[in-house]
Each structure stands twice: as C-alpha cells, then as structure tokens.
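Novice: everything below, folded, please.
(one chain, ligands or ions: 1)
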Amino acid sequence: MVADVETEVLIVGSGPAGGAAALLLSTYGVRNLVVTKYGRLSDTPRAHITNQRTMEVLRDAGIEDQVIAQATPQHLMGDTVFCSSLAGEELGRLHTWYTHPSRRADHDLASPSSICDMPQHLMEPVLVENAIARGTSFRYETEYLSLEQDADGVTATVRDRLRGDEYRIRAKYLIGADGGRSKVAEDIGLPMVGKMGVAGSINIVFEADLTEYTAYRPSTLYWVLQTGSDVGGIGMGLVRCVRPWHEWLIVWGYDIDGEPPDLTEAYARRIAHHLIGDESVPVTIKSSSAWTVNHMYAETYQKGRVFCAGDAVHRHPPSNGLGSNTSIQDAYNLAWKLAMVLRGEAGPGLLETYSAERAPVGRQIVDRANRSIGETTRIFEALGLLSTGDPDQLRANMAARKLPTPEAEKQRQALREAIAFKDYEFNTHGVELNQRYASSAVLADGTPMPANPRDDELYHHATTWPGAKLPHAWVGRDRTRLSTLDLGGQGRFTLVTGIGGESWRAAAEGLPVTVVSIGPGADYEDLYGDWARLREIGDAGCLLVRPDNHVCFRSEGVPADPGAVLRDALRRVLSR
Ligand code: FDA
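Specialist: Numbering: from 1, shown residues only. I've put the predicted structure just below:
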C-alpha cells in the first residue's frame, strides 16, 4: 500500500501522553508526526498536580524551567481545606502535597524537582511547542480512523476534518495517545479490565476573585461538604484553584443513573455560588462539561508495532492527581526504547518491556485513585451525614461536634482521623516515586526488593535495587550543584561508579554508555556524603542507569572481567 505521508513514529493525540511522546522522540532525534482530532490543544484546565517524577522527566527534557515559570508553586498548594462552603464553616485542614514540615523534608530529599500545579491547558502548549521546535510534525484537525500493521510498519488512515478527505500515513511504529475513549486501543484489541462510567461529574470553569476566602489558607483544593455533595462524582464538592485566587474549577457530582444535568450558565452559576457560600461574589462562567469517573486499565499496552499510552490504557478519577503524570511517565518509558530500536542499537524485544513495566503501574494508580474516592466516606460518616437526607438534621449532626459531650468528643476524634486518612489521596509520595520495573530490561542482582520501613504508598524509599529510579543526591563540579539524576537521562545509558572503579570506565570503552564517577577528586564530588549513603554499592562498584534514569544493573564491586560483565548486561537489557 502506498502511503501519502511517511514518518518513523506516528502519535495519535496531543494530550500529556502524546505531547510528551513527541517531545521526547524529537529530543532523541526520532522523526515523528502527531495527528490530533481538534483544531486546538486542551481548552480547559483538567489535570493539574504535577508530581516530582514528572518534573524530573521535564527536567531531563530541558523544559522544567518553562513549566515552573507558569505553574503555581508548592507553597501555595497545600492547605487543603474541608468546609461547608468557602465563606462558611471550616471543618478542618490537611497539609497536602508535602507541605507538612515533616513531609517537606521527604519531598526535598527525594528529588531535585519540586511538585507544582500546572493546569493542563498550560502544560500541553509547553510540551507541544517544544516538540515542534525540536522537529515534530504536527497536524491539527486530523482524526485517526483505522490502522493496519505488517512486518515492517503501520499504515494509519486519517481524515482531514477541514478538507474532509482521508489519507494514509505510514510509520514504523504508532503510539495511541488518544485518551479515555481510545480508538487505537480498541482497534488493536487491548484487554481492558474494569468499568467505565462508575459515577458522574461536572466541571465548571469560572472566574471570581476569591482572595478573601482563600489566600489566608493557600491551597489547590477546597472541599465543600453540603447536602448532595456525596452523590456521584468524586465524593464531595470541590473548588479547585486554577490561578490564585481568581480562576477556578468546580467539580460537582451528578447521579449517573438519573438524567444528565442541563449545563446551562444559570445552573453552573448556582453551583458556584452554592459552594462559595456568598451570592454577592461576581462569578463569570467560562465553561461547563460533564465527565464520568472510570475504573479501567489495560492489561497490556502493545500489539505488534502499536503502543498505547496515557488514559488510553488507564482510566480513573482525578483523585491523587495521577492522570497526566502517569501519561507523561508512560511516554518517558517508551520513547528511549523506540529511539534505540529505530537506531538499531537495541533489538525489538526491548519494546515489549514497555508493557511489562508500565501496565502494573497503570493498574496500581487506577485502583489507588478509585479507592481514594471511597475513603472520603469516612468524613461524611464522622459528621453524621450518611444517616439522614434531611438538611436540618444534617446541619444539626455537623454542629453536634461542638458540644461538650463524650459523643461529641468521639465525633471530633473521628473527624480528625478521617481527614488525616486523606493522606492516602494527597500525600502518596511512595505511589509517585516508588515505581520499580521488572522486565528483561532490568537485570536482577539476586537480592530481594528492599522493604520500605515506612508505608510504601505514603513514603518514598530510595534504593538502587535494579528496577528502581536512580536515587537523588546533590553532587558537585566546578562550583555547580547537580543532582545524580542530571548525570543520567538525556537519551543515553550512564554508568555510575566511584573511586577504584576505573576498570569500569575502561570496560565501557566502545559501548554506548557515558561513565561518571563520584567521590573525592573524581568527576563529581559527593557534596554532603548523601550519595555514599544511598548508593548501596561499594566505592568501586557500579550502577548501569537507563535513559529513563531507572537502574537496570548493579555490581557491588569490580568483578574479574568487568568488560565481559558490562557487555553482557547491556546486551541483555537491550534485547540484542
Ligand atoms: P487526553 O485525553 O488528554 O488526550 C487525548 C488526545 O487524543 C487529545 O488531543 C484528543 O484530541 C486526541 N484524540 C482523541 N481521539 C482522536 C482521534 N480519533 N484522532 C486524533 N486524535 C484523537 N486528571 C487529573 O489528574 N486531574 C483533573 O482534575 C482532571 N480533570 C479532568 C476533567 C475532564 C473533563 C477530563 C476529560 C479529564 C480530566 N482529568 C483530570 C484526566 C486528565 O486530563 C487525563 O488523565 C490526561 O489528560 C490524560 O492524558 P492523555 O494524553 O492520555 O489523554
């Protein structure tokens, strides 16, 4: 079949997954073309929490500064408030996104990058514009229709929605980053587990100066408990800050088994005023849309030369803020593998490790995000909101917590515990950073996975155990301070060694591996001694780090023939 257009990788979709895939492939020098259905990028804020792992990806891609320049910083994100309305009674607060003093230390120790709030309508242009500047071809108003694949490549049929005609694009590989209703995933028959449409939610984007009600308790999220706020959706009414303190997004539930809501401006304004609790605040409604909470993941992400990434393979509610993060991280896992296979540096078997490594992560985050919604019920229970639907009784039950009675003391304790339990939605550092890959692109060293001494969902546990992300430590050179993560990445393998590891350097000669040594008088100084504490190998040992900064091989010391050991490790990791 003769195609009209040719490229190496065709990417369907320009959301966080497709945008990041294009950016990274272009950064690695791979020709790629993005087709996207509409004539614009995301026009609503949608995803926003951008966690440290994603910021590390963007740092490696050289665009972290551009994101920081537009994002709301961590110190304005974390006084998550539970209240009866913004102007109404405050029921409690939770330090979130690692703003609690003890969690701030965990956050700062784990990464050179900081969590931030980057709304999706600002993130997508950064990804896509940088991708285009580095070589990505980009086609708006182009709808993917179907694909066929053979031994050498994939031919996709697309429709130009402006002209109305169809044409074919030939690529060596195709990435389906076409979101939660992925046609690509459906066409290649990816096995999906779970359910779509578990609950109904409405997003309302609006402008209003809410400085008076928010700036003194700066946060990304203000949760509002009112009659009906436990129906459908994400479990409570939510007023989310898009831009402090005048752009907002409300999430409100609707009963998915009933009639879908009529999203008139008057309806949206009524909900906004309801949650603000002050009718006198001028509100400008920008848009409203309905969406559903989903609980679905794909068991595998690949069929032949076609891969899916992002919501195409993991569909879940926004709880825990994992949507766009996981999508960008999928792309980070896949892009270097495609680049190396296309350049002939790796065998096609390497591509199979994408699914093996990312599908377990997808499943974990879908389950985590859905569990977080269910756990919100504890707050309703503590306040006595589940036992009655009568608004007067509800108010009385909530007010009962102020009484000097033993029951009220129990209620106060239950509420404190229920709010604190939301740590599992807003402070899951382990979920964000403890992803450990098991596949043929990781060589086990015979040691068991080190147990996390703390809760593995809440706390990051740095380790160089093969499959884990390279731990972060500050190292120095020429009066500059870099992260160990800055030594890796950049689309290439890195061998990290130390004093006495010179034979590893000799062993790496002629191999596509950059060698760095850390220690006194070596390439980089271990400024605070943190690296020696974290590396779990001897001075002369080595870590082989993949382009996505995951450790794939380690050696405690120097073996008899380091050249043979390193060549064999690289050959196996690269499926050659
Ligand atoms: P995404 O859906 O972003 O992108 C899909 C892309 O594919 C789009 O560019 C689309 O135009 C394109 N496309 C689709 N079909 C195509 C076809 N046939 N041909 C060509 N192109 C096609 N998450 C979160 O963490 N916090 C939040 O608050 C929210 N809020 C939210 C609100 C709403 C209304 C939605 C729909 C989603 C959210 N999310 C969210 C989820 C979050 O936005 C989501 O996880 C990421 O956008 C996923 O990124 P992807 O790139 O995978 O898909």
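Novice: for whichever residue of the stretch 451-576 of the chain sits closest to the ligand, give me its contacts.
Specialist: The nearest approach of the stretch 451-576 of the chain to the ligand comes at residue 457, 17.3 Å away (CB to the nearest ligand atom). Where C-beta positions appear, they are placed from N, C-alpha and C, glycine not excepted. With contact set as CB atoms under 8 Å, 6 or more residues apart in numbering, residue 457 has these partners: 368, 424, 428, 430-431.
Novice: with residue 288 instead?
Specialist: Residue 288 neighbours (CB under 8 Å, 6+ apart): 202-205, 263, 265, 267-268.
Novice: which strand residues bridge it?
Specialist: residue 204 (DSSP bridges).
Novice: do you know how far it is from residue 319?
Specialist: 21 Å (CB to CB, to the nearest Å).
Novice: helices of the stretch 301-450 of the chain, residue ranges please.
Specialist: With helices called from DSSP state H, counting those that start in this stretch, the stretch 301-450 of the chain shows them at 323-342, 349-375, 377-383, 391-399, 406-421, 423-426, 429-433.
Novice: buried set for the second one?
Specialist: Residues of helix 349-375 classed as buried by neighbour count (16 or more other CB atoms under 10 Å): 350-366, 368-370, 372-373, 375.
Novice: now swap in the third one and tell me
Specialist: For helix 377-383, a neighbour-count test (16+ other CB under 10 Å) marks 378-380, 382-383 as buried.
Novice: contacting residues around that helix?
Specialist: With contacts defined as CB under 8 Å, 6+ apart, helix 377-383 is touched by 82, 91, 225, 230, 235-236, 386, 397-398, 401, 411, 414-415, 417-419, 421-422.
Novice: still on that earlier bit, please pick the buried ones from the contacts of residue 288.
Specialist: Among the contacts of residue 288, those scoring as buried are 202-205, 263, 268 (criterion: 16+ other CB under 10 Å).
Novice: neighbours of the closest residue to the ligand within the stretch 401-550 of the chain, how many?
Specialist: Proximity to the ligand, evaluated over the stretch 401-550 of the chain using CB to the nearest ligand atom, is greatest for residue 425 at 11.8 Å. Using other CB atoms under 10 Å, residue 425 is surrounded by 23 other residues.
Novice: okay, it: pLDDT?
Specialist: Confidence at residue 425, expressed as pLDDT, is 97.
Novice: list the residues that contact it.
Specialist: By CB under 8 Å, 6+ apart, the contact set of residue 425 is 319-320, 372, 375.
Novice: chain neighbours aside, what residue packs nearest to it?
Specialist: In space, residue 425 comes closest to residue 372 once its chain neighbours are excluded; the distance is 3.9 Å by CB to CB, 6 or more residues apart in numbering.
Novice: residues contacting the one you found?
Specialist: Residues in contact with residue 372 (CB under 8 Å, 6+ apart) are 317, 319-320, 422, 424-425.
Novice: among these, who's most crowded?
Specialist: Neighbours here mean other CB under 10 Å. Within the contacts of residue 372, the largest count is held by residue 320, at 26 neighbours.
Novice: how much space between the residue nearest to it when sequence neighbours are not counted and residue 198?
Specialist: Excluding the flanking residues, the one nearest residue 320 by CB to CB, 6+ apart is residue 369, at 5.0 Å. For residue 369, the distance to residue 198 equals 11 Å [CB to CB].
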